[in-house]
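In: Structure for this input, please:
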Amino acid sequence: MKVSERTVSRLLGRRPPSSQTWRTFLTNHLAALVSIDFFTVPTITGRILFVFAVLSHDRRRVVHFNVTSHPTATWTAQQMIEAFPDESAPGWLLRDRDGIYGETLRRRVAGMGIREVLSTPSSPWQNPYAERLIGSIRRECLDHVLVLGERHLRRVLAAYITYYHGSRTHLSLEKDAPTPRRVQDVGEGAVTAFPEVGGLHHRYERRAA
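Out: Residues are numbered from 1 along each chain as shown. Just a heads-up that it's a prediction; the model follows:
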């Protein structure tokens with residue numbers, strides 16, 4: 001009798017390790033691969049907002065994000081156009097099988113010359129960079145903020161992503177940020193802290209007195 005990977009994961013209460021083939025694919029296409037995903041954010045009034053994010057695997061950059069209360073396939077397809085204007089589309093797009101993407105998105109992506117890679121059902125570990133990004137946004141930002149509405153959420157996310165790109169280090173980038181940071185010499189001055197994301201985080205730079 002054959003038992004699927006998903007069944008083993010459910011019975012054991014843990015996820016199985018990713019296959020070498022899948023890890024190899026992600027590694028080999030790092031420079032040409034982006035991930036997309038949605039996550040939800042409740043407002044202070046109980047309204048649910050949906051955040052759509054596009055992440056480039058190469059430098060872990062958030063290429064594009066937007067917020068809506070009514071996500072549709074047409075809206076999502078438009079986000080792809082905004083994320084990759086002027087023939088800047090990547091070679092590969094990694095996403096899950098959520099029905100929100102629909103035929104409209106699939107046609108748009110194909111028309112942009114992007115090849116899709118779909119993760120298997122209930123396998124979030126097959127989209128690891130997007131899942132890690134969403135977890136970081138929650139733990140380091142949204143878990144500490146009361147969201148008032150769409151405009152407020154956009155401002156909060158924009159502030160966090162500015163911090164994420166320019167100041168937040170990644171072990172996978174050899175402790176650099178997605179936007180490469182210049183190594184400062186000790187002679188450039190004392191270390192000074194600059195608050196970011198409303199004081200939730202800080203950027204540290206050497207500044208002359």
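
In: what stretches of the chain score poorly on pLDDT?
Out: Per-residue confidence for the chain (pLDDT under 70) gives these ranges: 1-20.

In: for it, longest helix please?
Out: With DSSP state H setting the assignment, residue counts place helix 150-166 as the longest helix in the chain.

In: Quick one: list the elements packing against that helix.
Out: strand 48-56, strand 61-68, helix 128-140, strand 190-196, strand 201-207 (3 or more CB pairs under 8 Å, 6 or more residues apart in numbering; DSSP states H and E). Where C-beta positions appear, they are placed from N, C-alpha and C, glycine not excepted.

In: how does it look with 10 Å?
Out: The contact analysis (3 or more CB pairs under 10 Å, 6 or more residues apart in numbering; DSSP states H and E) places helix 150-166 against strand 33-42, strand 48-56, strand 61-68, helix 128-140, strand 190-196, strand 201-207.

In: buried residues in it?
Out: For helix 150-166, the buried set under the neighbour-count rule, 16 or more other CB atoms under 10 Å, comprises 150, 152-153, 156-157, 159-161, 163-164.

In: End to end on stretch 180-197, go ahead and measure it.
Out: Criterion CA to CA, to the nearest Å; first-to-last residue distance in stretch 180-197 is 20 Å.

In: ditto for stretch 179-187
Out: Across stretch 179-187, the straight-line distance between its terminal residues is 23 Å, by CA to CA.

In: any idea whether the closest residue in space to residue 43 that isn't next to it in sequence is helix, strand or coil?
Out: Nearest residue to residue 43, sequence neighbours excluded (CB to CB, 6 or more residues apart in numbering): residue 147, at 4.8 Å. When the structure is reduced to helix, strand and coil (DSSP: H, G, I helix; E, B strand; the rest coil), residue 147 reads as coil.

In: can you pull the buried residues of stretch 191-202?
Out: Of the residues in stretch 191-202, 196-197, 200-201 count as buried by neighbour count, 16+ other CB under 10 Å.

In: Spatially, which two of those residues are the most separated?
Out: Taking CB to CB as the measure, the buried residues of stretch 191-202 span a maximum distance of 7.4 Å, between 196 and 200.

In: what touches both of those two?
Out: 159-160, 163 (CB atoms under 10 Å, 6 or more residues apart in numbering).

In: closest one to residue 169 among the helices and strands packed on helix 150-166?
Out: Distance to residue 169, taken as CB to CB, is lowest for strand 201-207 among the helices and strands packed on helix 150-166, at 10.7 Å.

In: related to what we said a few turns ago, what's the closest of the shared contacts of residue 196 and residue 200 to residue 109?
Out: Distance to residue 109, by CB to CB, is smallest for residue 160 among the shared contacts of residue 196 and residue 200, at 26.8 Å.

In: pretty sure the closest one is touching residue 141, no?
Out: Yes - counting by CB atoms under 10 Å, residue 160 sits close enough to residue 141 to count as a contact (4.4 Å).
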